[in-house]
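Participant: When you get a sec, could you give me coordinates for this:
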Amino acid sequence: MPSLIDFRRRIRSVKNTQQITKAMKMVSAAKLRRAQERVIAARPYAKTMRELLANLVAAAASDERAADSVWLVKREMKRVDLILFSSDTGLAGAFNSNLLKAAQKFHEEHRGAEITLTLVGRKGRDFYRRREAKILSEHINVLNRPTYQDAAEIAKDVIRRYKTGETDAVFVINNDFKSVMASLLSVVQLLPLTLEQNSEAQTDYIYEQSPLDMLEELMPRYIEVAVFRAMLETVAAYQAARMTAMDTASSNAKDVIDSLTLHMNRVRQAAITKEIIEVVSGAAAAE
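Facilitator: You can find the predicted model right below:
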């Protein structure tokens, strides 16, 4: 059985770890508050833009040039671009493993297609570098402080590839922020455009120029906005997962400290009892 000094060293080590996890929880809580505010502010704009494009698609359908629009023509999915968002660091429970499982499942479901990856985040990059995967671009450390310029840079290559016919579809996999305790795994098809018409959200716009021309101008911006929103959702979901994981680690550390303290007290009590017995036995022998 370990000695008292071994127990004390172990308890001191666990207490130091507990202090670190508590500090990391506080840091994640502060970052989550800012990330959540940015997500809440970005969602209405992305939703409104999606509704506007739905109306544009309906209006552009009657244009005789619609059949030639690269944004409206649906192709057979022989080549697919996948934008995968993961975190740059770990210590967030199953946050990254769930994303990577979803990406692997996506590969299985599109086994017959050639999949090209755009990897945002170190964890996804490291995962696919160890495997035979076709990587278009890697973006590391952009999720620390995501900006719209970063999103435009990420979207630039996939927009170009889709317009030139190098890819037939574009998908995004990320975690959407739902609450502090949970996130929602999201697999969204960005291209070709698959916007469902919602009769309640349908607005009778008066267009001063051709809806098809407006669609040509707005589609690249829509892709950039969708990528930017995915970045913000990923950051918020990651900080929530990390805060929850650090809170659980701190709680587990407390349980370990309590258990070690109980065992240490038992060892100490046994040692004291043994010494008392030896003293009593010695005194009895001396009589």
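Participant: secondary structure class for Glu224?
Facilitator: Classification of Glu224 by DSSP: H, G, I helix; E, B strand; the rest coil places it in helix.
Participant: I'd like to know how many residues surround it.
Facilitator: 19 (other C-beta atoms under 10 Å). Where you see a C-beta, it was placed from the backbone N, CA and C, and this is true even at glycine.
Participant: just use 43 as the starting number from now, easier for me
Facilitator: With the count now opening at 43, the last piece we talked about shows up as Glu266.
Participant: Would you mind confirming that it is in contact with Glu195?
Facilitator: No: Glu266 is beyond contact range of Glu195, at 9.3 Å (criterion: C-beta atoms under 8 Å).
Participant: close enough to count as contact, His305 and Phe49?
Facilitator: Yes: contact criterion C-beta under 8 Å: His305 and Phe49 qualify, at 6.5 Å.
Participant: Counting neighbours, go ahead and name the busier of those two.
Facilitator: Phe49 (20 against 15).
Participant: Contact partners for that one?
Facilitator: Neighbour list for Phe49: 302, 305-306, 309 [criterion: C-beta atoms under 8 Å, 6 or more residues apart in numbering].
Participant: With secondary structure as extra columns, can I get the residues you listed in a markdown table?
Facilitator: Formatted as a markdown table, those follow (three-state DSSP):
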| residue | secondary structure |
| --- | --- |
| Leu302 | helix |
| His305 | helix |
| Met306 | helix |
| Val309 | helix |
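Participant: Return the item of the residues you listed having minimum pLDDT.
Facilitator: Lowest pLDDT among the contacts of Phe49: Val309, with 83.
Participant: so how many other residues sit close to that residue?
Facilitator: 16.
Participant: Check Leu46 too.
Facilitator: By other C-beta under 10 Å, neighbour count at Leu46 equals 12.
Participant: element containing Leu159, please.
Facilitator: Per DSSP states H and E, Leu159 falls inside strand 156-162.
Participant: who does that strand touch, helix- and strand-wise?
Facilitator: strand 121-127, helix 164-171, strand 176-181, helix 190-205 (3 or more C-beta pairs under 8 Å, 6 or more residues apart in numbering; DSSP states H and E).
Participant: Give the buried residues for the longest one.
Facilitator: By neighbour count, with 16 or more other C-beta atoms under 10 Å as the criterion, the buried positions of helix 190-205 are 192-194, 196-197, 199-201, 203-204.
Participant: Alpha carbons of that helix, in CSV - could you do that?
Facilitator: The C-alpha trace of helix 190-205 is given here as CSV (Å, rounded to 0.1, in the frame of the first residue of the first chain):
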residue,chain,number,x,y,z
TYR,A,190,-15.4,37.9,-42.7
GLN,A,191,-12.2,38.3,-44.7
ASP,A,192,-11.1,34.8,-43.5
ALA,A,193,-14.5,33.4,-44.6
ALA,A,194,-14.2,35.0,-48.0
GLU,A,195,-10.7,33.5,-48.4
ILE,A,196,-12.0,30.1,-47.6
ALA,A,197,-15.0,30.4,-49.9
LYS,A,198,-12.9,31.8,-52.8
ASP,A,199,-11.5,28.5,-54.1
VAL,A,200,-14.7,26.5,-53.9
ILE,A,201,-16.6,29.3,-55.7
ARG,A,202,-14.1,29.4,-58.4
ARG,A,203,-14.1,25.6,-58.8
TYR,A,204,-17.9,25.5,-59.0
LYS,A,205,-18.1,28.2,-61.5
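Participant: for the record, mean pLDDT for that helix?
Facilitator: 92.
Participant: For it, name the packing helices and strands.
Facilitator: Counting by 3+ C-beta pairs under 8 Å, 6+ apart, helix 190-205 packs on strand 121-127, strand 156-162, strand 176-181, strand 225-233, helix 253-328.
Participant: What helices and strands are in contact with whichever helix or strand comes after that helix?
Facilitator: Using DSSP H and E, the next helix or strand after helix 190-205 towards the C-terminus is strand 211-219. Packing partners of strand 211-219 (3+ C-beta pairs under 8 Å, 6+ apart): helix 46-102, strand 121-127, helix 137-151, strand 225-233, helix 253-328.
Participant: neighbouring strands for strand 211-219, and are they parallel or not?
Facilitator: When pairing is defined by DSSP bridges, strand 211-219 lines up against strand 121-127 (parallel), strand 225-233 (antiparallel).
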